[in-house]
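Trainee: What would the 3D arrangement of this be:
(one chain, ligands or ions: 1)
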Amino acid sequence: MTCPFLEYRSEANNRQFDEPRAYCGAAEQFVQPMRADICNNRYDLAHDEHCEIYLEHADEVSAGNENGNETENTGQSAGDGA
Ligand code: SF4
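Mentor: Sure, this is the predicted structure:
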């Protein structure tokens, strides 16, 4: 499972790209390419173990789920630069 904060956007914070890029909804910024492996739990990495941003915002995830918040973007894109 990928991080629930992970989204794909082609525009945010006055930055615009031709293809959607990994965007962190917790940090409200585009994900650095090196960190994208953590967001996607690639290799032996896990967002809920290795990302300090996720750990800081983990309580927001469970709160959102309890409220039936269905704003999570589950649309996947192959354009994550991998
Ligand atoms: S793993 Fe960390 S950087 Fe990646 S989307 Fe989740 S909170 Fe943001």
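
Trainee: Would you state the helices of this protein in chain order?
Mentor: 36-39, 47-50, 52-66 (DSSP state H).

Trainee: Packing partners of the strand ranked longest in the chain?
Mentor: Secondary structure of the chain per DSSP state E: the longest strand is strand 15-24. Helices and strands touching strand 15-24, by 3 or more CB pairs under 8 Å, 6 or more residues apart in numbering; DSSP states H and E, are strand 6-12, strand 29-30, helix 36-39. C-beta coordinates here come from the backbone N, C-alpha and C atoms, glycine included.

Trainee: and if we set it to 10 Å?
Mentor: Judged by 3 or more CB pairs under 10 Å, 6 or more residues apart in numbering; DSSP states H and E, the packing partners of strand 15-24 are strand 6-12, strand 29-30, helix 36-39, helix 52-66.

Trainee: May I see the buried residues of it?
Mentor: 20-24 (16 or more other CB atoms under 10 Å).

Trainee: buried stuff in the helix or strand of the chain with the lowest mean pLDDT?
Mentor: Lowest on mean pLDDT, DSSP states H and E among the helices and strands of the chain sits helix 52-66, with a mean of 82. Neighbour-count burial for helix 52-66, counted by 16+ other CB under 10 Å, picks out 53-54, 57-58, 61.

Trainee: before we move on, back to that, got the angle between the longest strand of the chain and strand 6-12?
Mentor: Here strand 15-24 runs at an angle of 160 degrees relative to strand 6-12 (axes from the mean of the first three to the mean of the last three CA atoms, to 10 degrees).

Trainee: Strand 15-24: partners in the sheet, and parallel or antiparallel?
Mentor: Within its sheet, and counting by DSSP bridges, strand 15-24 is paired with strand 6-12 (antiparallel), strand 29-30 (antiparallel).
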